[in-house]
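In: predicted model, plus sequence, below.
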Amino acid sequence: MSQKKQAKIKIHYQQLADLEEEKERVERYVNNPYGSSDSQKMLDLNDWLRKANNFINGSVKKLIVPDVGERHVKQKYSFKLCPNFNSPWNCEDIGVLVQEARRLLEDISRGDQNGAVNRFEYFGWTKNVFDSILEAVQCRSINTISVYGESGTGKTMLIREVKRIAEEQMLFDAVVVASVKQNPRIQDEIARDLGVSNELTYQEASNRRKERKLTEKRVFLILDDIWEPEIYWKLREKLPLEDENEKRLLSYKILLATTRDSRVLFDLSEIQFEIKPLEEKEAWMLFEKIATYRTESRRLPFYAREICKKCYGLPIAIATLAMALKGGRLKRKTILQELQSQRSLHSSFYKSYVCLKSFELQQTFLLCSLMGHNAAVQDLLKYTVGLDLFPDVKSVEEARDALRNSMAKLKYSSLLLDRGGNMYFDMHDLLMIFAKSIAFGEVGLNNWEEMKSIKWVHLSNTSELPIGQLNCPQLTFFHLSKEDPSKPIPPDLFTETEGLTVLGLTKTYSMPLSISLLINLLTLCLDQSVLRDANMGAIIGNLRNLQVLSLVGCDLEELPAQITNLTELKLLDLSDCTKLKVIPPHVLSRLSRLEELYMRNSFDQWAEGVKEQEKEIASLSELKQLTNLKVIEVRINSCNIQMMEEDLFSENLARYKIFEGNVRHFWDSSYGSSKILKLKLDAKISSKHSVKKLLKKTEELHLQGLSGVNNVVNELDEEGFQELKYLFIQDAQNVQHIINSMKHDAQNADQESINSMKPAFPVLEVLVLHNLERMEKICHGLVKESSFSKLRMITVESCNQLKNLFSSSIAKRNFLQLQEIRVTKCSNLEEIVDDDEQGGEIDILKELCSLRLEDLPKLIAFCKRMTLFQGQVFD
């Protein structure tokens, strides 16, 4: 045999061996009872196993060479299957599978670093308390439950586990978690999470229930950090009471949690549960489990037990030190000696803090402690840019990536809590107190004479300010949470702080003139402030090195023209400035280095299409000159849409949320999409229109009106929305089909024309159709096989021309991942699946697990001939 042939055989066998090895790794992980708690990642692994098995069973076995035994295969490259090297076998297929498996396992491994310490653990009495809480949650006669205990005992993890089970077992129609402390507008956040308005009173709700016989939507509401009974009663009066979209009244079961004693909750709840520190044996079990999680050896240093005892049974301290020990960063007995000399629990946290491997990590941890509970990563980013925390990054997006990487490491070290993806985060109260003691030292803030060397200052209100100037020449970070009207900020406060690079003044009523002296300032945050000062423009305009300007939620009617002086500005946030009516022309266009512009729920009176105006205002066309723009969140009105210029938005946009103000949807999205359009289209748009180009890249799309549009794909994106994951269409009276593959000059589209088309909606996961009065079919004619291949949920309401949702052939070819179907108020619907195939039994919708059919007077059957329910469980 030639050397070339031998080399080919060797490569082929190595590829097959790699595939078998990765298959075994994935199978071990899937079968591991302590595998990932992320259901989506586990689904991805199972999908990979199916592909690997299909490849082996369908491609490799057919290529087995007869009479070739194991003696012909060298042991190093042995494999249970032997390929036929003369067959048309594509080696790249195996390489793709192998790389995909390695990527999936690597992603899950990173997630498990957090999961190892964020998974709720049952130990002794913990299991009994947890079971009792869960029993109370499921008891219909109990409406309010409370959980209390000292900081660090694991209340948050227990509550998260209760929430997870309530969601997985679908005990309620909706589950919402909210932190009450320091959150005066929490009722609006709850309404946002439920996707409802917050305008109905209890009396109105009661009347509607009697008059319209509305059904109830059961909501499990978890309120964390309840400190005062009065706060709860005020919140209770303002909770949203109706889901207008589903026409259902909301009824609540509430779980309360506090770090104070049970007396705070006695009058608020019907049953109370106390969470205590772990006993010594249970504490050691948890410590040992975390410290040896997924390591080759379960042996720990002999002094590990002593370290564990110094955690005083508090899971937060146990997790922190156990993770540090696991990472090999606590190796010397001197640690135990130091712990013995310090009786404070803070000494436990300090050991983990000093073990953070970089200055950036330590600074990120300290910054996180200033942000409060359930804080936004976006707000933290603004401060990190001002402090130049990551000096090697060149853009805001790179800074965001570096920050998220640091936060992931902090979560792995149990120094930070995850609060839903990459958007929010939290920190335990004990860790927050500890971090602030490191950041600000132990000198009292009233002793300003002793604080000349301090670098960071964080104050809750102006009553803590010194009289006159801040004599802190090394100060780089200053944050004030609230201005007391009885004690305004001294005008010369910042005269001696020229080194300041970050200034945050939240909920203030005045701008000290001395701010204009801060020539080194990089970040200025004036969120939720009243900006009516006549000198505001001159003050801000003098900060020529400013890179971040945040005016979120400010009482501001006109943006100062002097902002044009901020030629270094990279991020401008005008979100929730609901009173902002005027942006002078040519202000935005001169911010040539601007990378991110946020105007959510803010200014939308752009010059295009506005006939009458008291003052000159900015036009959308100015955005075209921002060539460095990567992220934009902007509101427009219906007049603006038709007047938009071609190529208005840069091709370099990495994320965008473009919202037309009349669309009946909340701005916030629960899907975490990075490219969102929410528009009302009252007229057709040209093929070169800016919006039409954005449609091709959009991930989440909300459409209303669609005047003149009969077929969504054919008329809005002939390429079939290749990147769209979530589609919502409502109040579109002309739409007849979502896809029409039929030829204009023939009754049926032939197979050749189908093959020439791109697959439509290849990554679409959710499809919601509401009030499409003329829609006859979702799909008219055949669609390419990979169309809708990722679709998992369909919701259809008030589409009265529909007689069925889709054909059996489309269900068989395309809807392979469909898990949930909801159909309501379709007066002419006769069946869900139309039988368009000839022959025997239909076997489709294997993944369907949730089916909701409501108010369908003409419904005869799901489908006349099919196998659907065998082995399937529905809610």
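Out: Arrived safely, thanks for sending.

In: could you pull out the helices in the stretch 701-850 of the chain for me?
Out: Assigned by DSSP state H, counting those that start in this stretch, the stretch 701-850 of the chain shows helices spanning 712-716, 751-756, 808-813.

In: helices or strands up against the first one?
Out: Read it as helix 712-716. The contact analysis (3 or more Cβ pairs under 8 Å, 6 or more residues apart in numbering; DSSP states H and E) places helix 712-716 against strand 737-740. Where you see a C-beta, it was placed from the backbone N, CA and C, and this is true even at glycine.

In: and the strand it packs on, what does it pack against?
Out: Secondary-structure packing of strand 737-740 (3+ Cβ pairs under 8 Å, 6+ apart): helix 712-716, strand 777-780.

In: can you flag the weakest of the helices of the stretch 701-850 of the chain by average pLDDT?
Out: Mean pLDDT per stretch puts helix 751-756 lowest among those, at a mean of 58.

In: got JSON lines for the helices and strands packed on strand 737-740, with distance to Leu286 and mean neighbour count too?
Out: What follows is the helices and strands packed on strand 737-740, written out as JSON lines (distance: least, Cβ to Cβ, whole Å; neighbours: other Cβ atoms under 10 Å):
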{"stretch": "helix 712-716", "distance to Leu286": "54", "mean neighbour count": "21"}
{"stretch": "strand 777-780", "distance to Leu286": "52", "mean neighbour count": "20"}
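
In: turn the ones you listed into JSON lines, including distance to Lys696.
Out: Formatted as JSON lines, those follow (distance: least, Cβ to Cβ, whole Å):
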{"stretch": "helix 712-716", "distance to Lys696": "10"}
{"stretch": "strand 777-780", "distance to Lys696": "20"}
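
In: which stretch among those comes nearest Val137?
Out: Each of the helices and strands packed on strand 737-740 has some distance to Val137 by Cβ to Cβ; the shortest is strand 777-780, at 38.4 Å.

In: so what strands line up beside that closest one?
Out: Sheet pairing for strand 777-780, assigned by DSSP bridges, gives strand 737-740 (parallel).

In: next SSE after the biggest strand by length in the chain?
Out: The longest strand of the chain (DSSP state E) is strand 248-258. On the C-terminal side of strand 248-258, the closest following helix or strand by DSSP states H and E is strand 271-274.

In: one step back: how far does the longest strand of the chain sit from its chain's centre?
Out: Distance of strand 248-258 from its chain centroid, counting by Cα atoms, centre = their mean, to the nearest Å, is 23 Å.

In: could we number from 39 for the rest of this?
Out: I'll keep to 39 as the first residue from here, and by that count the last item is strand 286-296.

In: who does that strand pair up with?
Out: The strands beside strand 286-296 in its sheet (DSSP bridges) come out as strand 182-186 (parallel), strand 254-262 (parallel), strand 280-281 (antiparallel).

In: identify all contacting residues around stretch 258-268.
Out: Residues from elsewhere that reach stretch 258-268 (Cβ atoms under 8 Å, 6 or more residues apart in numbering): 175, 184, 194, 197, 200-201, 204, 209-210, 212-219, 228, 270, 273, 277, 290-298, 302-303, 305-306, 411.

In: buried residues, that stretch. List them.
Out: 258-264 (16 or more other Cβ atoms under 10 Å).

In: what does stretch 525-535 give?
Out: By neighbour count with 16+ other Cβ under 10 Å, stretch 525-535 contains the buried residues 527-528, 531-535.

In: can you tell me which of the residues you listed is nearest Ala360?
Out: Nearest to Ala360 out of these is Thr535 (Cβ to Cβ; 41.5 Å).

In: that closest one and Thr514, how far apart?
Out: Counting by Cβ to Cβ, to the nearest Å, the separation of Thr535 from Thr514 is 9 Å.

In: equivalent analysis for Leu658, please.
Out: Using Cβ to Cβ, Leu658 is found at 38 Å from Thr514.

In: what's the span of stretch 830-846 from first residue to last?
Out: In stretch 830-846, first residue to last residue: 16 Å (Cα to Cα, to the nearest Å).

In: cool, and stretch 203-213?
Out: The straight-line separation of the ends of stretch 203-213 (Cα to Cα) is 10 Å.
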